[in-house]
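A.B. asks: structure for the following, please:
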Amino acid sequence: MTRLEGQVAVVTGGALGIGGGISRRLALAGAHVVLNDVDERAAREARHDISEQGGGCTVVVGDIRDPEVVARLRDAALAVADGRVDVLVNNVGDFRPAARSFLHSTEEQWQQLYELNLLHVFRVCHALLPAMVARRSGAVVNNATVEAFRGIPYAAPYAAFNAGVVAFTRSLAVDVARHGVRVNAIAPDLADTPQTPAELMLRGRDPELVRTWVPAGRFGRPDDYAAVVEFLASDDARFVTGHTIPVDGGTLAASGWYARADRKGWTNLPNEA
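C.D. replies: The predicted structure is shown next:
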């Protein structure tokens with residue numbers, strides 16, 4: 001039997017990139033995936049891929065920032081197996097809209113970033129947790145970012161709202177543990193996805209330079225993150241709750257240290273990297 005056989009897993013932003021990897025991985029693990037995405041075509045393609053692998057998938061198209069879409073997502077999930085919801089992955093998040101600096105940003109941008117990175121996490125959890133509490137079982141996995149733990153230029157509100165995701169994860173875990181529900185998060189960095197393609201991150205630089213930025217020597221791939229989400233959603237993580245796991249190839253651990261381009265050790269002076 002696979003890890004999540006017969007379970008119902010809800011994934012927001014579940015069509016492309018990290019979310020697409022998560023949806024496909026949880027389906028392969030045996031879960032029926034209730035997939036939300038704003039991109040209808042990509043969502044249908046994800047459902048097709050899951051079906052081709054013998055999995056089950058329900059698609060709810062719409063912007064998860066819209067409370068009506070959250071309600072439709074809840075209803076679709078509860079309809080799959082008589083009100084059963086086992087796994088919730090709040091995957092949606094974005095650093096855009098971005099500004100040249102905080103001083104150039106606007107309140108409209110802050111509000112959009114709040115809704116994209118934190119507010120919808122509150123709403124989706126509030127909508128689906130009652131089903132988990134009723135069964136005294138469930139796992140929530142939120143997608144944050146390593147930028148919640150370090151300074152990032154040009155994106156202070158984005159970092160702040162993701163720090164909110166981390167704090168919410170920790171406190172919600174304490175709140176619902178007595179109901180048999182676990183809450184954890186992952187914190188990715190440098191993911192090669194349609195949102196942040198490697199080609200764009202390199203911008204004509206030598207791909208060999210990646211090893212100077214990431215101790216593991218490469219950008220992350222969707223399944224790197226999905227594998228950790230599967231673990232956190234499974235019974236293997238039954239005694240893990242309230243934690244955020246960096247899935248970053250070591251960038252957060254390096255904390256400003258770079259592998260030298262000449263392969264002669266490490267430096268904290270980027271112009272020597």
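A.B. asks: any weak-confidence spans in this protein?
C.D. replies: Within the chain, the stretches with pLDDT under 70 are 1, 270-273.
A.B. asks: in it, which strand is the longest?
C.D. replies: strand 181-188 (DSSP state E).
A.B. asks: what helices and strands are in contact with that one?
C.D. replies: helix 120-135, strand 138-143, helix 156-176, helix 222-233, strand 244-247 (3 or more C-beta pairs under 8 Å, 6 or more residues apart in numbering; DSSP states H and E). Bear in mind the C-beta positions are built from the backbone N, C-alpha and C, glycine included.
A.B. asks: so which of the ones you listed comes closest to His104?
C.D. replies: Closest to His104 of the helices and strands packed on strand 181-188, according to C-beta to C-beta: helix 156-176, at 11.3 Å.
A.B. asks: give me the contact list for that closest one.
C.D. replies: For helix 156-176, the surrounding residues in contact (C-beta atoms under 8 Å, 6 or more residues apart in numbering) are 90, 93-95, 98, 102, 105, 109-110, 113-114, 116-118, 121-122, 125, 129, 132-133, 140, 142-145, 147-149, 151-152, 182-185, 187, 241-244.
A.B. asks: neighbouring strands - and their directions - for the longest strand of the chain?
C.D. replies: Looking at strand 181-188 with DSSP bridges, its partner strands are strand 138-143 (parallel), strand 244-247 (parallel).
A.B. asks: and the contacts of that strand?
C.D. replies: In contact with strand 181-188 (C-beta under 8 Å, 6+ apart) are residues 18, 129, 132-133, 136-146, 148-149, 165-166, 169, 172-173, 176, 220, 225, 228-229, 232, 237-238, 240-248, 252.
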